[in-house]
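Undergrad: Sequence and predicted model, in that order:
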Amino acid sequence: MKMKSPIRERDFYLQPVVDVARALIGKSLVHQIGDQAVAGIILETEAYDGEQDQACHARSGKTKRNAVMYGPAGHAYIYFTYGMHWLLNCVTGSEGYPAAVLIRSIHPTRGLEMIAQNRMDITPALWCDGPAKLTRALAIDGTLNGCDLCQKTGVLRVEEGITIPEELIQAAPRIGIGYASEPWKSKPWRFTAQMLPSRIDELIK
DNA sequence: TCTTCGATTGTCT
DNA sequence: GACAATCGAAGAA
């Protein structure tokens, strides 16, 4: 029988945001919908670090939209963009310091039938390979903004997933932040797991 | 109040 | 590779 996954401690999210972004690779993101769960292994993240980071939403200070980022660590910062997309972040750092990790892609592991019902237009390999695609696949939207990711029975939570070797985690500049100035635009704060889906499925068994 | 634009995706050329 | 979709937040006026 599979071992019950312990939830992540809140202390995990109090580490520097870049460390959290790297450490979240391989963890399991779960959305509990009634008695059903939809989940996936986190494969790609990006770190956004404080008001000085010119790519971060907090670059102009606290606003209605980014307020959750200023709150306690371990909560979900979910925002709407491009008139149609929801993006999911994990808030990190002390309360009052705005930092968060954007979840850019996951490998779906649970609730595949549910995803399939809503995404018959594309092949499973493309279900969760983008930040807005994974929120759509897991049915995550603004109603979950600010919810606590550390609760054992939380609607949205992060659990232990699989261990991905350090050498398979690649760092690169963040995507879609052309508006930012240097050095922020080039900071290697995007982390991706270089692992085949088949290998991930093996590790989950 | 008005204008601009986005931590993206999907489609078309 | 270029660009439309689509709308609320943010900043300017």
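TA: That came through, no problem.

Undergrad: A helix includes A:Arg104, no?
TA: No. According to DSSP: H, G, I helix; E, B strand; the rest coil, A:Arg104 belongs to no helix; its state is strand.

Undergrad: Now do stretch A:73-86: distance from first to last residue.
TA: Stretch A:73-86 has an end-to-end distance of 20 Å (Cα to Cα, to the nearest Å).

Undergrad: what's the spacing between it and its chain's center?
TA: 10 Å (Cα atoms, centre = their mean, to the nearest Å).

Undergrad: try stretch A:141-158
TA: 12 Å.

Undergrad: That one and DNA strand B, any residue contact?
TA: No. Stretch A:141-158 lies apart from DNA strand B when judged by Cβ under 7 Å from any atom of the strand; the minimum separation is 12.6 Å. All C-beta spots, glycine's among them, are computed from the backbone N, C-alpha and C.

Undergrad: can you list contacts of that stretch?
TA: Residues from elsewhere that reach stretch A:141-158 (Cβ atoms under 8 Å, 6 or more residues apart in numbering): A:7-10, A:13, A:24, A:27-33, A:42, A:68, A:71, A:74-80, A:86, A:90, A:135, A:140.

Undergrad: low pLDDT regions in chain A?
TA: Low-confidence segments of chain A, defined by pLDDT under 70: A:1-7.

Undergrad: Spell out whether the strand ranked longest in it and DNA strand B are in contact.
TA: Assignment by DSSP state E gives strand A:36-49 as the longest strand of chain A. Yes. Contact of strand A:36-49 with DNA strand B (Cβ under 7 Å from any atom of the strand) involves A:Glu46, A:Tyr48.

Undergrad: Output the contacting helices and strands for the next helix or strand after that strand.
TA: Next helix or strand after strand A:36-49 toward the C-terminus (DSSP states H and E): strand A:76-81. Helices and strands touching strand A:76-81, by 3 or more Cβ pairs under 8 Å, 6 or more residues apart in numbering; DSSP states H and E, are strand A:85-91.

Undergrad: Count the neighbours of A:Glu159 for me.
TA: 16 (other Cβ atoms under 10 Å).

Undergrad: Repeat that for A:Met69.
TA: When neighbours are counted by other Cβ under 10 Å, A:Met69 registers 25.

Undergrad: do you know how far it is from DNA strand B?
TA: 7 Å (Cβ to the nearest atom of the strand, to the nearest Å).

Undergrad: Identify each buried residue in the longest strand of chain A, please.
TA: Buried residues in strand A:36-49, defined by neighbour count with 16 or more other Cβ atoms under 10 Å: A:Val38, A:Ala39, A:Gly40, A:Ile41, A:Ile42, A:Leu43, A:Glu44, A:Thr45, A:Glu46, A:Ala47, A:Tyr48, A:Asp49.

Undergrad: how much space is there between the residue nearest in space to the middle of chain A and A:Ala76?
TA: Centroid-nearest residue in chain A: A:Ile103, 2.6 Å away (criterion: Cα atoms, centre = their mean). For A:Ile103, the distance to A:Ala76 equals 10 Å [Cβ to Cβ, to the nearest Å].
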